[in-house]
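Enquirer: everything below, folded, please.
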Amino acid sequence: MPWAMIVQAQTLQSPNGKLTLNFILNQEGVPLYSLRYAHKPVIQPSRLGFAIKSGTEQLQTGFSDPQYSYTTENSQWQPVWGQEKAIQSQYNEMLVALTNGNRLIHIRFRLFDDGLGFRYEFPKQRNLYCFVIGEELTEFNLAKDGKAFWIPGDYDTNEYPYITSQLSAIDTLMKQATVEITAQYPIKSPAVQTPLMLKTDDGLYINIHEAALVDYPAMQLNVDGVNHALSAHLVPDALGGKGDINAPATSPWRTMVVAEDACNILASRLILNLNEPSKIKDTSWIKPVKYMGVWWQMFVGRGSWNYTNDYRVKLGETDYSQVTPNTTHAANTENVKRYIDFAAKHGFDQVLVEGWNVGWEDWINPVREHVFDFVTPYPDFDVDTLQHYAHERGVRLMMHHETGASATNYERHLDTAFRFMKQHGYNAVKTGYVGWITPKGEHHDGQWMVNHYIRVAEKAARYQIMVNSHEAVRPTGLSRTYPNWLAQESARGTEFEAMGGLAPEHSTILPFTRLMGGPMDYTPGILRTIFSYYDPNNHGQARTTLAKQLAYYVTMYSPLQMAADLPENYEHFADAFQFIKDVAVDWDTTYYLEAEPGDYVTIARKTKGKEEWFVGGITDEHSRTAIMNFDFLPSGKKYIVTIYEDGKDADWKNNPAAYRIRQKTITHGQIWKQALAPGGGFAMRIVPVP
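Expert: Next comes the predicted model:
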């Protein structure tokens with residue numbers, strides 16, 4: 001997009017000199033920025049600023065008198081849990097102070113070796129104290145067209161299949177409505193969601209997202225395909241505003257990770273580095289968790305969430321002794337004991353139980369204030385008995401709080417619900433927000449709900465409770481600030497394998513998109529992938545091989561990992577199940593060996609505090625051969641590698657259960673070639689030779 005003559009410009013370089021940022025103020029007082037990577041342009045001059053909804057103030061043109069200040073940072077910090085035991089934060093910073101009439105606004109740029117972060121800051125001032133954003137005008141005018149990995153904009157869900165297309169084709173595809181729509185949430189944004197992953201025609205990988213989303217609506221991206229240009233599209237509130245600002249205040253960071261190698265996109269910790277340090281002083285109670293759950297059996301037709309099929313029952317109004325119980329209700333005491341026994345036998349930390357509390361008969365469609373009370377169990381779920389039963393076996397139960405999207409109801413019950421959890425030995429909760437948000441008119445990704453998710457994490461921390469949120473806004477690195485916020489869903493996970501299936505390429509895209517902002521509760525480990533086993537009329541299947549399910553524990557990073565399948569299926573595939581039992585959930589170091597978005601990912605990780613490594617590799621619908629260098633292993637020793645791989649004739653569709661387990665001895669620097677079947681994968685455990 002052409003701009004008027006440049007009046008003033010200022011340059012900032014990354015510590016290694018590869019990235020160059022130019023800040024520009026043109027003759028109309030419009031602030032602009034551009035970005036180069038080495039000799040390649042990344043972002044052409046792109047505007048900054050705001051359209052204001054309330055009052056007559058505008059922050060679009062007329063800026064003047066820029067004042068510049070500079071700082072540098074080179075430090076290291078240790079996450080409570082993560083993909084590394086220590087993270088380096090090194091950047092050069094430029095703070096631009098601008099005047100607009102008698103109003104002040106600051107734009108803070110931080111340039112790392114792996115990308116750029118910038119945000120708006122509104123100092124405390126008399127003439128710009130309280131206002132409503134009409135739209136953020138931030139642009140990302142890309143220098144080149146390229147391949148994009150994207151999902152359509154939606155203010156209320158992230159659970160779409162990913163589309164791969166040229167960036168220039170996105171707006172046409174959106175207008176033609178050729179994208180698959182879930183139909184659960186009919187309100188759609190004209191934009192695409194972030195993180196947006198791009199591979200430009202000149203070979204650069206670019207990831208656009210945001211960091212530290214606090215007291216602000218989530219950002220989506222309008223697409224101008226003709227000019228391969230993007231612009232901010234904020235999620236509106238119930239009154240159409242796009243952010244209530246009360247100075248002093250800051251926006252989230254707008255982030256761009258840039259690399260010539262896709263592995264370096266995955267290795268970036270820019271988003272975490274742009275978040276504030278932990279607000280929780282004592283983090284000793286926060287631990288990564290490997291868990292099982294009364295969950296998958298409902299998806300394959302072996303159980304139900306609701307205690308009765310009488311949908312006339314109402315919370316607080318029904319005597320459940322007077323209704324006919326549903327014989328398939330899964331959250332019953334004896335069934336939960338079975339899971340506890342299995343978890344204890346095989347070394348799992350916790351057992352999630354969904355459908356334990358009253359209210360599941362009529363919860364998903366009505367938009368109402370009162371849905372669940374989070375403390376009243378169904379008659380066949382004995383809270384006290386199960387608490388003692390789990391405790392005696394060294395296992396905890398994991399709480400489930402489905403809110404039915406009534407966030408106001410949940411907030412009223414939070415203290416009571418968390419006290420109930422502490423009383424009965426629970427220290428982790430899975431929250432859910434299925435449906436239309438209450439308060440009415442608000443959205444899952446709007447400012448009100450963004451603040452709600454943080455309020456829940458803060459309140460949970462006071463009770464020393466860890467949180468796993470589902471149907472929430474996609475993460476933006478806030479797990480650094482609130483390390484008890486272990487994981488989120490915020491994308492299509494394994495449950496969709498039972499609801500039509502996930503494309504084999506889906507899990508090769510997620511590390512470059514959804515996982516850039518933080519860990520996902522993907523719920524892997526489905527070893528019985530063909531569902532006719534449960535019902536001859538069920539022709540569905542998980543679109544992976546068995547070996548690929550094992551690989552997910554390495555490629556789909558999370559400190560909260562579920563073994564999602566049924567206990568009897570793990571008993572049937574006991575030798576493959578051994579990998580799930582062995583694999584770690586917390587790491588010293590991570591090595592990205594191979595990666596190409598939409599095609600394949602191969603990752604190695606070292607277990608925290610142990611001389612032990614795990615490797616996982618996955619592919620899309622095509623077979624391939626992964627080529628790995630084991631130079632990440634220390635030299636001077638021999639190592640035993642146990643390989644869980646696709647069988648010779650394995651195929652996600654026709655022969656998914658074909659797998660082989662073998663062992664070999666390897667050394668530092670050895671080159672390894674590993675075959676992957678269509679929709680397949682492999683997993684490895686590596687330990688020193690005794």
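Enquirer: which residues in the stretch 251-400 of the chain form strands?
Expert: With DSSP state E, counting those that start in this stretch as the definition, the stretch 251-400 of the chain shows strands at residue ranges 253-259, 289-294, 350-353, 396-402.
Enquirer: closest one to residue 462 among the ones you listed?
Expert: Across these, the minimum distance to residue 462, taken as CB to CB, is reached by strand 396-402, at 15.7 Å. C-beta coordinates here come from the backbone N, C-alpha and C atoms, glycine included.
Enquirer: for the next helix or strand after that closest one, give the mean pLDDT please.
Expert: Where DSSP states H and E defines the elements, the next helix or strand beyond strand 396-402 is helix 407-423. Per-residue pLDDT values over helix 407-423 give a mean of 98.
Enquirer: sheet partners, orientation included, of the helix or strand that helix 407-423 is followed by?
Expert: Proceeding C-terminally, helix 407-423 gives way to strand 428-432 as the next helix or strand, assigned by DSSP H and E. Using DSSP bridges, the neighbouring strands of strand 428-432 in the sheet come out as strand 396-402 (parallel), strand 466-469 (parallel).
Enquirer: what about strand 428-432, average pLDDT?
Expert: In the prediction, strand 428-432 has an average pLDDT of 98.
Enquirer: please compute how far it lies from its chain's middle.
Expert: The offset between the C-alpha centroid of strand 428-432 and the centroid of the whole chain comes to 15 Å, using CA atoms, centre = their mean, to the nearest Å.
Enquirer: mind telling me what element residue 43 is part of?
Expert: Under the criterion DSSP H and E, the helix or strand holding residue 43 is strand 40-47.
Enquirer: now do that strand: which elements does it pack against?
Expert: Strand 40-47 is packed against strand 31-37, strand 139-142, strand 253-259, with contacts defined by 3 or more CB pairs under 8 Å, 6 or more residues apart in numbering; DSSP states H and E.
Enquirer: ok, 10 Å please
Expert: strand 19-26, strand 31-37, strand 115-122, strand 139-142, strand 196-200, strand 205-211, strand 229-234, strand 253-259 (3 or more CB pairs under 10 Å, 6 or more residues apart in numbering; DSSP states H and E).
Enquirer: what about the helices in the stretch 301-450 of the chain?
Expert: According to DSSP state H, counting those that start in this stretch, the stretch 301-450 of the chain carries its helices in the segments 333-346, 383-392, 407-423, 447-462.
Enquirer: give the buried residues for the next helix or strand after the strand holding residue 43.
Expert: Next helix or strand after strand 40-47 toward the C-terminus (DSSP H and E): strand 50-52. Of the residues in strand 50-52, those with enough neighbours to count as buried (16 or more other CB atoms under 10 Å) are 50, 52.
Enquirer: name every strand pairing with the helix or strand just after strand 50-52 and say which way it goes.
Expert: Once strand 50-52 ends, the next helix or strand along the chain (criterion: DSSP H and E) is strand 64-77. Taking DSSP bridges as the criterion, strand 64-77 sits next to strand 87-100 (antiparallel) in its sheet.
Enquirer: which element follows the partner strand toward the C-terminus?
Expert: Proceeding C-terminally, strand 87-100 gives way to strand 103-112 as the next helix or strand, assigned by DSSP H and E.
Enquirer: and that next one, which strands flank it?
Expert: Take DSSP bridges as the rule and strand 103-112 pairs in its sheet with strand 87-100 (antiparallel), strand 115-122 (antiparallel).
Enquirer: on that earlier part again, out of the helices and strands packed on strand 40-47, nearest to residue 452?
Expert: Across the helices and strands packed on strand 40-47, the minimum distance to residue 452, taken as CB to CB, is reached by strand 229-234, at 17.1 Å.
Enquirer: quick one: contacts for residue 357?
Expert: Counting by CB atoms under 10 Å, 6 or more residues apart in numbering, residue 357 makes contact with 305, 307, 315, 331, 372-378, 381, 383, 399-402, 417.
Enquirer: so what sits opposite it in the bridge?
Expert: Judged by DSSP bridges, the bridge partners of residue 357 are residue 377.
Enquirer: relative to residue 159, which of the strands of the stretch 251-400 of the chain is closest?
Expert: Proximity to residue 159 (CB to CB) singles out strand 396-402 among the strands of the stretch 251-400 of the chain, at 15.6 Å.
Enquirer: ok, back up a step: let's have the strands paired with strand 428-432 in CSV, adding mean neighbour count.
Expert: Written out in CSV, the entries for the strands paired with strand 428-432 read as follows (neighbours: other CB atoms under 10 Å):
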stretch, mean neighbour count
strand 396-402, 25
strand 466-469, 26
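Enquirer: what angle separates the strand holding residue 43 from strand 115-122?
Expert: Using axes from the mean of the first three to the mean of the last three CA atoms, to 10 degrees, one finds that strand 40-47 and strand 115-122 are set 10 degrees apart in direction.
Enquirer: mind listing what's buried along strand 40-47?
Expert: Of all the residues in strand 40-47, those buried under the rule 16+ other CB under 10 Å are 41-47.
Enquirer: and stretch 192-205, how far apart are its ends?
Expert: End-to-end distance of stretch 192-205 (CA to CA, to the nearest Å): 18 Å.
Enquirer: can you list the strands paired with strand 428-432 in CSV and add mean pLDDT and distance to residue 542?
Expert: Formatted as CSV, the entries for the strands paired with strand 428-432 read as follows, by pLDDT from 0 to 100; distance: least, CB to CB, whole Å:
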stretch, mean pLDDT, distance to residue 542
strand 396-402, 98, 23
strand 466-469, 98, 22
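Enquirer: could you list the domains of this structure?
Expert: The chain resolves into domains spanning 6-273, 280-490, 545-690 when parsed by automatic domain parsing.
Enquirer: need those domains in a markdown table with distance to residue 507, can you?
Expert: Putting the domains of the chain into a markdown table (distance: least, CB to CB, whole Å) gives the following:
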| stretch | distance to residue 507 |
| --- | --- |
| domain 6-273 | 10 |
| domain 280-490 | 14 |
| domain 545-690 | 6 |
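Enquirer: can you show me the CA trace of stretch 428-436 as CSV?
Expert: Output of stretch 428-436 as CSV, limited to C-alpha atoms (Å, rounded to 0.1, in the frame of the first residue of the first chain):
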residue,chain,number,x,y,z
ALA,A,428,-6.4,-29.9,39.2
VAL,A,429,-9.6,-28.9,37.3
LYS,A,430,-10.6,-29.1,33.6
THR,A,431,-13.0,-26.3,32.8
GLY,A,432,-15.3,-26.1,29.9
TYR,A,433,-17.3,-23.4,28.1
VAL,A,434,-19.5,-25.1,25.6
GLY,A,435,-22.3,-22.9,24.2
TRP,A,436,-23.2,-19.2,24.1
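Enquirer: chain center to that stretch: distance?
Expert: The chain centroid and the centroid of stretch 428-436 are separated by 15 Å, computed with CA atoms, centre = their mean.
Enquirer: to residue 289, which of the helices and strands packed on strand 40-47 lies closest?
Expert: Nearest to residue 289 among these is strand 205-211 (24.9 Å), distances taken as CB to CB.
Enquirer: gap between that closest one and the chain center?
Expert: Taking CA atoms, centre = their mean, one finds the center of strand 205-211 at 14 Å from the center of the full chain.
Enquirer: quick one: list the elements packing against the following helix or strand past it.
Expert: Where DSSP H and E defines the elements, the next helix or strand beyond strand 205-211 is strand 219-224. On a contact count with 3+ CB pairs under 10 Å, 6+ apart, strand 219-224 meets strand 139-142, strand 146-150, helix 170-176, strand 192-193, strand 196-200, strand 205-211, strand 229-234.
Enquirer: send the alpha carbons of strand 219-224 over as CSV?
Expert: In CSV, the C-alpha atoms belonging to strand 219-224 read as follows (Å, rounded to 0.1, in the frame of the first residue of the first chain):
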residue,chain,number,x,y,z
MET,A,219,-6.9,-10.2,17.6
GLN,A,220,-7.9,-11.8,14.4
LEU,A,221,-6.7,-10.7,10.9
ASN,A,222,-8.5,-9.2,8.0
VAL,A,223,-7.0,-10.5,4.7
ASP,A,224,-6.5,-8.4,1.5
